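Engineer: Provided below are the primary sequence and the corresponding predicted coordinates.
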Amino acid sequence: MVTKLLLVQCTSLQLSAGPQTTNVSENVDSGSNHLVQNVGSLTGDVSQPLHNPTPAAATALGQSLSEMSSLGELDLNGMDESILQSEEMEALFGGINKTLSSLQVLSLWHFNARGSLAPLTKRFQFFPNLSNLSLLRLNMDEHDLRGLLESLTSCPNLMSLDLRGNPLGSQDRLESIVEQAMPLVELYYW
């Protein structure tokens, strides 16, 4: 059974595993461990509001991610290109220290994450079956791109890389850079 985690606009959490559905709609205090207890015991779909998550709540969620061995899809959607700093990225992804072999799809979008992607990209080694990576509208720069391409060598199953909405220069130039680094990966960019 594969689990899907969807964090929409940094205000809700959704997990799904198979055809069964479970919904939780209670509010969670930003510093509460209640979120982690719910995330750790899920077997169905969950919508869980997160109101102004503190760094402690982000860390708790990040630590929970490493325990989700059946996580197949992770989708984090920002709100109006909210700023996602290195500390927040480290809180979310820094706790991943085990292989998540079920993770095939990872999407991060609508954040201003310029210069903050390293805590995520250095965890790609734990996602060996990642096949689709979408980093949309993150305000990525050349430094972010270089770090990303270097880290993706640990994802041998990557088939699709979506970088739409990032100011990385011309499409021809970016296609050339990605093709040199990863010739079998389909790039989406404009």
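Structural biologist: Right, received. Where do you want to start?

Engineer: A helix includes residue 74, no?
Structural biologist: No - judged by DSSP: H, G, I helix; E, B strand; the rest coil, residue 74 forms no part of a helix; its state is strand.

Engineer: Run through the bridge partners of it.
Structural biologist: residue 5, residue 106 (DSSP bridges).

Engineer: That one reaches residue 64, doesn't it?
Structural biologist: No - with contacts counted by C-beta atoms under 8 Å, residue 74 stays clear of residue 64, the gap being 11.6 Å. Every residue, glycine included, has its C-beta placed from N, CA and C.

Engineer: With neighbour numbers in mind, choose between those two.
Structural biologist: Shown here are residue 74 and residue 64; by other C-beta atoms under 10 Å, residue 74 has more neighbours (24 against 21).

Engineer: residues of stretch 167-180 that come out buried?
Structural biologist: 168, 174, 177, 178 (16 or more other C-beta atoms under 10 Å).

Engineer: Now do the strands in this structure.
Structural biologist: Per DSSP state E, the chain carries strands over the ranges 3-8, 12-17, 46-49, 71-83, 105-112, 132-136, 160-162, 186-188.

Engineer: that older thread, any chance of JSON lines for the buried residues of stretch 167-180, columns distance to residue 140 and pLDDT?
Structural biologist: Shown next, in JSON lines, are the buried residues of stretch 167-180 (distance: C-beta to C-beta, whole Å; pLDDT from 0 to 100):
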{"residue": "168", "distance to residue 140": "6", "pLDDT": "95"}
{"residue": "174", "distance to residue 140": "11", "pLDDT": "96"}
{"residue": "177", "distance to residue 140": "13", "pLDDT": "95"}
{"residue": "178", "distance to residue 140": "13", "pLDDT": "96"}
